[in-house]
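> just a sequence and a predicted model for now, questions to come.
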Amino acid sequence: MTRNFITGEEFGAFELGKLLERGAELKAGRGEGVGRDSLAGKSIALVFQRPSTRTRISFEVGVAELGATPIVLRGDEMQFSRGESVGDTARVLSRYVDAIVIRSGSHEAVVELAEAADVPVVNGLTPLHHPCQALADLLTLRERFGDLDGLRLAYVGDGNNVARSLAIVGELAGVEVVVAAPPGYQLEEGHGVKLTGDPRAAADGADALYTDVWISMGDEIEADRRRADLAPFRLDADLLAAAKDGAIVLHCLPAHPGEEITEEVLYSDASAVFDEAENRLHAQKALLEALLLA
Ligand code: CP
Ligand code: NVA
């Protein structure tokens with residue numbers, strides 16, 4: 001059975017803990033080349049059907065640092081842009097590479113790819129899930145607070161792919177995830193997530209405040225309505241003051257200062273967003289080892 005990482009539910013709590021521990025080890029030992037040859041001789045396809053800065057670069061660098069060969073492909077330079085099926089693409093790639101990372105505008109296409117592939121498939125973001133981001137977020141919480149169990153993370157804004165992955169992976173790690181969103185933007189129930197329409201209630205007692213863009217890739221046509229509806233959910237200094245003393249601010253980036261987060265908060269001492277971006281690299285290296293060396 002090949003192992004995939006599509007929603008984050010593929011891992012159990014124990015395995016997730018081990019993965020984060022390995023991520024921290026790879027981070028601490030990066031200068032000494034820890035993990036340097038762990039995937040030597042392997043090749044990994046990185047398919048991007050949507051734009052990316054962090055995911056693309058962190059995977060490409062991470063794969064190279066593990067001694068494997070990254071093959072970055074844009075969707076529009078592959079034959080499925082001309083009608084080749086997702087299934088055939090999966091079957092062919094499986095003959096060449098040891099794993100496939102894919103960012104797609106269709107979650108269903110990623111599921112279909114994983115079903116037809118004989119190698120592990122990693123979700124590099126779909127409109128429904130962004131599990132690699134959630135791994136980096138937990139690694140960031142772990143390095144700031146130590147134990148994850150019992151931490152409270154308040155997500156304010158659009159109940160989107162990033163919020164859903166935090167709920168799923170957060171539950172595995174024992175993190176209490178509270179999502180504050182307006183009607184029409186709220187996440188569905190499940191995974192122990194707490195839902196509220198009140199950002200202040202969510203922030204109360206929170207160890208971390210998290211937000212993401214109001215206009216995700218694919219939502220551009222609704223931009224004006226989204227900006228108006230989500231305005232009361234901006235992460236600003238008042239909201240940060242409602243969180244615990246020492247609370248940190250997270251954002252998966254790219255940020256739009258003045259929209260979902262104020263510039264003051266984004267660049268404040270409480271902000272851990274650039275550590276969080278760096279941690280994509282370390283968490284994903286640990287993920288690839290877990291999928292390919294098991
Ligand atoms: N956070 C994140 O996934 O960033 P990119 O879209 O730049 O990959
Ligand atoms: N929710 C955003 C995340 C970008 C990294 C999007 O899907 O566009």
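In hand now; what should we look at? Ligands and ions are numbered 1, 2, ... in the order given.

> dump the residue contacts of Ala116.
Contacts for Ala116 were tallied using CB atoms under 8 Å, 6 or more residues apart in numbering; they are Val86, Gly87, Asp88, Ala90, Arg91. To be clear about C-beta, it is placed using only N, CA and C from the backbone, and glycine gets the same treatment.

> just the ones in helices from those, please.
Counting by DSSP state H, the part of the contacts of Ala116 found in helices is Val86, Gly87, Asp88, Ala90, Arg91.

> tell me the one of these nearest ligand 2?
Val86 (19.9 Å; CB to the nearest ligand atom).

> please name the nearest non-neighbouring residue to that closest one.
Glu112 (4.7 Å; CB to CB, 6 or more residues apart in numbering).

> and if you look at Thr262?
Using CB to CB, 6+ apart, the nearest residue to Thr262 is Asp236, at 4.6 Å.

> and that neighbour, how close does it get to ligand 1?
21 Å (CB to the nearest ligand atom, to the nearest Å).

> what's the answer for Gln186, then?
22 Å.

> was I right about Ala117 contacting Tyr96?
No: between Ala117 and Tyr96 there is no contact under CB atoms under 8 Å: 11.3 Å.

> between those two, who's got more neighbours?
A count of neighbours by other CB atoms under 10 Å puts Ala117 above the other of Ala117 and Tyr96, at 24 against 11.

> leaving out the residues flanking it, which one is nearest to that one?
Closest residue in space to Ala117, ignoring its immediate chain neighbours: Ala90 at 4.0 Å, by CB to CB, 6+ apart.

> helices along this protein, start to end?
For the chain, the helices defined by DSSP H occupy 13-28, 54-65, 86-96, 107-116, 131-145, 161-173, 199-203, 223-230, 237-242, 263-266, 273-293.

> and Ile248, which of those is closest to it?
Nearest to Ile248 among those is helix 131-145 (5.6 Å), distances taken as CB to CB.

> check Ser85 and give its pLDDT.
On the pLDDT scale, Ser85 is placed at 97.

> enumerate every residue touching it.
Counting by CB under 8 Å, 6+ apart, there are no residues that Ser85 touches.

> what's the separation between it and ligand 1?
Distance from Ser85 to ligand 1, by CB to the nearest ligand atom: 26 Å.

> what's the answer for Leu73, then?
15 Å.

> contacts only, for Ser271.
Ile248, Val249, His251, Val265.

> if you rank those residues by neighbours, which is first?
Among those, His251 has the most neighbours (other CB under 10 Å), with 27 neighbours.

> next, count neighbours for the residue in the stretch 151-294 of the chain positioned nearest to ligand 1.
Scanning the stretch 151-294 of the chain for the residue nearest ligand 1 gives Cys252, at 3.9 Å (criterion: CB to the nearest ligand atom). Cys252: 27 surrounding residues under other CB under 10 Å.

> do Arg54 as well
Using other CB under 10 Å, Arg54 is surrounded by 20 other residues.

> please apply the same query to Arg36.
Neighbourhood size, Arg36 [other CB under 10 Å]: 13.

> quick check: phi and psi at it.
Per-residue torsions, Arg36: phi -50, psi -40 (degrees, to the nearest 10).

> now do the contacts for the closest residue to it other than its chain neighbours.
Closest residue in space to Arg36, ignoring its immediate chain neighbours: Gly67 at 5.9 Å, by CB to CB, 6+ apart. With contact set as CB under 8 Å, 6+ apart, Gly67 has these partners: Arg36, Asp37, Ser38, Leu39, Ala40, Gly41, Lys42.

> returning to that earlier point: cross-check the contact I'm expecting between the residue nearest to Val86 and Asp88.
No: with contact defined as CB under 8 Å, Glu112 and Asp88 do not form a contacting pair (10.9 Å).

> who has more neighbours, these two?
Counted by other CB under 10 Å, Glu112 and Asp88 do not tie: Glu112 has more neighbours, with 18 against 12.

> quick one on the thing from earlier: quick one: contacts for the residue of the stretch 151-294 of the chain closest to ligand 1?
If you count contacts by CB under 8 Å, 6+ apart, Cys252 has them with Arg54, His130, Gln133, Asp137, Val162, Asp212, Glu276.
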